[in-house]
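K.L.:
Based on what follows, work out the 3D shape:
(4 chains)
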Protein chains: 2
Amino acid sequence: MSPVTEAPGDVRARVEKAALDLFTLKGFEQVIIDDVAAAAGISRRTFFRYFATKADAVWGDFAAHAARLGTLLAATDPQQPVLASVCAAYVEVNDYAAAELPLLRERMQLILTEPALLAHSQLRYAEIDRVVAEHVARRTGASAAALVPRLVAATTRAAATTAFELWLTDERTPLGRQLHDAFDQLTEGFPALP
Amino acid sequence: MSPVTEAPGDVRARVEKAALDLFTLKGFEQVIIDDVAAAAGISRRTFFRYFATKADAVWGDFAAHAARLGTLLAATDPQQPVLASVCAAYVEVNDYAAAELPLLRERMQLILTEPALLAHSQLRYAEIDRVVAEHVARRTGASAAALVPRLVAATTRAAATTAFELWLTDERTPLGRQLHDAFDQLTEGFPALP
DNA sequence: GACGTTAATGACACCGAGTGCCAGGGGCAA
DNA sequence: TTGCCCCTGGCACTCGGTGTCATTAACGTC
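P.N.:
Numbers count the residues shown, from 1 in each chain, chains lettered A, B, ... in the order given. Below is the predicted model of the structure:
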């Protein structure tokens, strides 16, 4: 039936697309795995060979994303202030081509508004936090388990998430700008506050 | 069979205790609802009348906790800096009596280390963030959906969570002190950072 | 061309969380 | 006693997720 051998990765990409479209169309909870599998032309069992959980179909290759953030952090200028280096890495790792933006919006819209996906996000962010805390630990000489590295990791990630939320609701301001704005507030100690 | 009529709330408290103990002893995933129900002397169906999900049995009356944080924030001195008022409210809402500390430790240990509970926590924190963002919005005149209120809510909550994590691993430093330390770093714009 | 090997797939049965529905029973007021 | 209400348990069902096994197609070797 099938024309020829399918290129590896094709199936995974097709399932991911089918899942994303269905979730966006009907809502994450309303879609069951059989729907996604049918739309992608595979069986329910095969779906779980490509994605460990239903939520995983929404996140692309997030492990690579986190690893790239780590690489970018390691390559930052040691003279640069630490917070600035974290900001720069966040901006660069989220510097998507214009053609990718609609897909990113779809993904983030789901992740930030669907309760089940929002909950799942916490597990993914743990990897991000670990990478950032290790960078801060290197720069400061502290342990990655100490207050400052963990706090910087947690708060910068909170800033990045907030920037993403604002970017979703505001079509006009680019993501990089939203990230810079949020990091600026954090770095300056919230100067606008009474 | 049962002696007399049971005081209302008794059952819920008993189930909560049974769940907490079993989860701590065997791990959250290893315990199934039937185990908890049996230990509490109720049926599986009744468990789900007291708690909407398995994770909910670990959180006490968290809605009341969030509401109390809101009350404390509303009662803060308008002359006080905004970040200081948020810190003070966080410290006060988490000012437990010494007798309650072991239970709090058990709860937080589970929430912060069990992946399923960590994920679930994100849903609970949304309520906290909303309350804090509204307080900041009141104080600054901004919309609760604007950058600064959301950012303050997200970062202070990140700071509080980090303080809890450190408190769990360090038996000696009291929780209020950990919270103050974390908030100080945040308020001063991380002075220790190069 | 026949053969054994390997990876991908699908079918099936199973577990556990969570839900809807209904029946039984005890407390309580009239 | 009667009727009402609330709490409870039992049952069947949906759905996410997993272990197991048989099938099939691709590939290299003889």
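K.L.:
ok, and the closest non-adjacent residue to the residue nearest the centre of chain A?
P.N.:
By C-alpha atoms, centre = their mean, chain A has its centre lying nearest to residue A:62, at 6.6 Å. For residue A:62, ignoring the flanking residues on the chain, the nearest one in space by C-beta to C-beta, 6 or more residues apart in numbering or on different chains is residue A:124 at 5.5 Å. Yep, even glycine has a C-beta here, placed from its N, CA and C like the rest.
K.L.:
if I look at that neighbour, how far off is residue B:115?
P.N.:
Using C-beta to C-beta, to the nearest Å, residue A:124 is found at 11 Å from residue B:115.
K.L.:
which of these two has more neighbours?
P.N.:
Taking other C-beta atoms under 10 Å in any protein chain shown, residue A:124 and residue B:115 do not tie; residue A:124 has more neighbours (17 against 13).
K.L.:
Show the contacting residues for that one.
P.N.:
A:59, A:62, A:66 (C-beta atoms under 8 Å, 6 or more residues apart in numbering or on different chains).
K.L.:
for chain A, what are the low-confidence residue spans?
P.N.:
A:1-9 (pLDDT under 70).
K.L.:
let's see 90
P.N.:
Across chain A, residues meeting the criterion (pLDDT under 90) sit at A:1-11, A:60-61, A:171, A:189, A:191-194.
K.L.:
now the host helix or strand of residue A:180, how far from the centre of its chain.
P.N.:
Assessed by DSSP states H and E, residue A:180 sits inside helix A:175-187. A distance of 17 Å separates the centroid of the chain from that of helix A:175-187, by C-alpha atoms, centre = their mean, to the nearest Å.
K.L.:
Stretch A:19-31 too?
P.N.:
On C-alpha atoms, centre = their mean, the centre of stretch A:19-31 falls 19 Å from the chain's centre.
K.L.:
Is DNA strand C within reach of that stretch?
P.N.:
No - between stretch A:19-31 and DNA strand C, judged by C-beta under 7 Å from any atom of the strand, nothing touches; the nearest distance is 10.3 Å.
K.L.:
Contacts for that stretch next, please.
P.N.:
Under C-beta under 8 Å, 6+ apart, the answer for stretch A:19-31 is A:35-36, A:39-40, A:51, A:54, A:57-58, A:103, A:106-107, A:109-110, A:114, A:116-117.
K.L.:
next one: stretch A:175-188
P.N.:
Against stretch A:175-188 from outside (C-beta under 8 Å, 6+ apart): A:81, A:83-84, A:86-87, A:90-91, A:94-96, A:155-156, A:159-160, A:162-164, A:166-167, A:170, A:191-192, B:147-148, B:151, B:155, B:189.
K.L.:
Now do the strand or helix carrying residue A:135 against helix B:115-140, angle only.
P.N.:
Per DSSP H and E, residue A:135 falls inside helix A:115-140. Here the directions of helix A:115-140 and helix B:115-140 differ by 80 degrees (axes from the mean of the first three to the mean of the last three C-alpha atoms, to 10 degrees).
K.L.:
Would you mind identifying the next helix or strand past helix A:115-140?
P.N.:
Heading C-terminal from helix A:115-140 (DSSP H and E), you reach helix A:147-169.
K.L.:
can you give me the angle that following helix makes with helix A:115-140?
P.N.:
Using the same axes, to 10 degrees: helix A:147-169 against helix A:115-140 is 140 degrees.
K.L.:
Just the C-alphas of helix A:147-169, formatted as CSV.
P.N.:
C-alpha atoms of helix A:147-169 as CSV (Å, rounded to 0.1, in the frame of the first residue of the first chain):
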residue,chain,number,x,y,z
LEU,A,147,20.4,30.0,47.1
VAL,A,148,21.7,32.4,44.5
PRO,A,149,22.1,30.0,41.5
ARG,A,150,18.7,28.3,42.2
LEU,A,151,17.0,31.7,42.7
VAL,A,152,18.4,33.1,39.5
ALA,A,153,17.4,30.0,37.6
ALA,A,154,13.8,30.1,39.0
THR,A,155,13.3,33.8,38.7
THR,A,156,14.7,34.1,35.2
ARG,A,157,12.6,31.3,34.0
ALA,A,158,9.5,32.9,35.6
ALA,A,159,10.5,36.1,33.7
ALA,A,160,10.8,34.2,30.4
THR,A,161,7.5,32.5,30.9
THR,A,162,5.8,35.8,31.7
ALA,A,163,7.3,37.2,28.5
PHE,A,164,5.9,34.3,26.5
GLU,A,165,2.4,34.9,28.0
LEU,A,166,2.5,38.6,27.0
TRP,A,167,3.8,37.7,23.6
LEU,A,168,0.8,35.4,23.0
THR,A,169,-1.7,38.1,23.8
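K.L.:
Perfect, that will be all.
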